[in-house]
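>>> here you go, sequence then predicted model.
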Amino acid sequence: MENNEIVSVLTCDCNPGFNWKNKNTYNAHKKSLRHKSYEINKEEREYKININKIQIEYNKLKLENMQLRELYLNSAKENMNLKKKLNLIN
Ligand SMILES: [Zn+2]
């Protein structure tokens, strides 16, 4: 027997394993407090992850900036020494 019927399964991440019987109850669920608080919590988790990524990137850039600054100051010092030596020669 062939079965060409397309069955839509109405599920939601906030209630794993549960299938809503029809679009109406599913849509009502999407408007429910339970679902909305799930959505808010999910967003908060994503924000926290993003903030964490930004913090890591910021620390990386801060370190890189410090290293470049040190490199710049050292080469400025070396330049000064070389100029002094050249002045002594000339
Ligand atoms: Zn839900």
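Everything's here; your move. Numbering: from 1, shown residues only.

>>> for the protein, which residues are neighbours of the ion?
Neighbours of the ion within the chain, by C-beta under 5 Å from the ion: C12, C14, H35. C-beta: built from backbone N, CA, C; applies to glycine.

>>> now for the helix or strand hosting N65, which elements pack on it?
N65 is located in helix 33-89, with elements delineated by DSSP states H and E. Contacting helix 33-89 under the criterion 3 or more C-beta pairs under 8 Å, 6 or more residues apart in numbering; DSSP states H and E is no other helix or strand.

>>> and that helix, average pLDDT?
In this model, helix 33-89 has a mean pLDDT of 96.

>>> show me the residue at the heart of this protein, geometrically.
By C-alpha atoms, centre = their mean, the chain has its centre lying nearest to N50, at 3.0 Å.

>>> and the gap between that one and N59?
Counting by C-beta to C-beta, to the nearest Å, the gap from N50 to N59 is 15 Å.

>>> do N74 as well
23 Å.

>>> and for K30?
Relative to N59, and taking C-beta to C-beta, K30 is found at 39 Å.

>>> more crowded one of these two?
Neighbour count, other C-beta atoms under 10 Å: between K30 and N59, K30 has more, with 14 against 10.

>>> what residues are up against that one?
C12 (C-beta atoms under 8 Å, 6 or more residues apart in numbering).

>>> distance of it relative to T11?
Counting by C-beta to C-beta - K30 and T11 are separated by 12 Å.

>>> residues contacting N74?
N74 touches nothing, counting by C-beta under 8 Å, 6+ apart.

>>> ok, so what distance separates it from the ion?
Distance of N74 to the ion, given as C-beta to the ion, to the nearest Å: 58 Å.

>>> name the nearest residue to D13, sequence neighbours excluded.
Y38 (7.4 Å; C-beta to C-beta, 6 or more residues apart in numbering).

>>> what about the one you found, how many residues nearby?
Around Y38 there are 15 residues (other C-beta under 10 Å).

>>> hang on, isn't it packed against S32?
No: the criterion here is C-beta atoms under 8 Å, and Y38 misses it with S32 at 9.4 Å.
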